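In: Kindly return the folded structure for what I paste below:
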Amino acid sequence: MVSIPNLITVFRVFLVPVFIMAVFYGRFKAAFLTFLLASLSDALDGFLARKLSQITLLGVILDPIADKSLIDSGYILFSFVEKVIPVWLSVIVVSRDLLIVFGGWLLSVFGKLDSIRPTLLGKLTAFLQFLTILVVLVKVNYDIIGLKELKFLFYLTGAFTIASAIHYTYAGIRELNGE
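Out: Predicted coordinates:
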C-alpha cells in the first residue's frame, strides 16, 4: 500500500537534485524555495505518518536518506561552490551523518536497529542544520545577513552536531553491549 507520508518523502528525494542544480547554477531563489519546500515536507510527512498511523519500513529508511541527502548536499555546495559555510562545519555535519549511517548499519547487523530512535538532541541538531542552510540561502539571495553574524549560528550548529554524534555513538555502543 502506498501511503501519503511515503509519497511526500519520495517527493522530497526528487527535490534534492533540483536543489543541487539550483545552487550549482546560482539560481538561489529557486534553491531557497526548493529547500524550504523540502524542509516543510519533512515536517509534514512525519506528522502525517504518526497521525494517520502510516509509519512504514520504507518511510523509516527513506526519510533519513532524504534528509541527509538534502542537508549534506547543502553543506557541501555552500562550502565548496559558494564558500559561505566554513569547510570545518561541513566536515562535522557530513561526518556525523556517515557515523549515524554506519552505526545504523552495524546495529542492523546485530538485529538491534529498532532500539535506536531519534532523540531530542538529534531533532534539535537537525533543526539547526536546516536553519543554517535556510539562513545561508537568505544571505545569498538578499545579503541582509553578514558573514560575521552567521558565525554564531555556525558554531552553535557545529556544537550541537558534535554533541549529537557523541550522544548517538554512546547510545549505539550501549545497545550493542546489551545495556
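In: Return the distance of stretch 133-152 from the chain's centre.
Out: 19 Å (C-alpha atoms, centre = their mean, to the nearest Å).
In: For it, buried residues please.
Out: Going by neighbour count (16 or more other C-beta atoms under 10 Å), the buried part of stretch 133-152 is Ile133, Val135, Val136, Leu137, Lys139, Val140, Leu150. (C-beta placed from N, C-alpha, C; glycine too.)
In: Residues in contact with that stretch: which ones?
Out: 28-29, 31-32, 35-36, 39, 71, 74-75, 78, 82, 84-85, 153 (C-beta atoms under 8 Å, 6 or more residues apart in numbering).
In: Show me which positions of the lengthiest helix in the chain end up buried.
Out: Under DSSP state H, the helix in the chain containing the largest number of residues is helix 147-176. Buried positions in helix 147-176, judged by neighbour count with 16+ other C-beta under 10 Å: 150, 153-154, 157-158, 160-161, 164-165, 168, 171-172, 175.
In: now those in CSV, with distance to Phe19 and pLDDT?
Out: Formatted as CSV, the buried residues of helix 147-176 follow (distance: C-beta to C-beta, whole Å; pLDDT from 0 to 100):
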residue, distance to Phe19, pLDDT
Leu150, 20, 91
Leu153, 20, 95
Phe154, 20, 97
Thr157, 19, 97
Gly158, 22, 98
Phe160, 22, 98
Thr161, 20, 97
Ser164, 23, 96
Ala165, 24, 95
Tyr168, 26, 91
Ala171, 31, 88
Gly172, 30, 87
Glu175, 34, 84
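In: and those as TSV, adding distance to Asp97?
Out: Shown next, in TSV, are the buried residues of helix 147-176 (distance: C-beta to C-beta, whole Å):
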residue	distance to Asp97
Leu150	21
Leu153	19
Phe154	17
Thr157	13
Gly158	14
Phe160	14
Thr161	9
Ser164	10
Ala165	9
Tyr168	11
Ala171	16
Gly172	14
Glu175	19
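In: which stretches of this structure have low pLDDT?
Out: Applying pLDDT under 70 to the chain flags the ranges 1, 113-116.
In: That one: helices as residue ranges?
Out: 4-24, 28-51, 57-80, 87-109, 120-142, 147-176.
In: can you state the direction angle for the third one and helix 4-24?
Out: Following axes from the mean of the first three to the mean of the last three C-alpha atoms, to 10 degrees, one obtains 10 degrees for the angle between helix 57-80 and helix 4-24.
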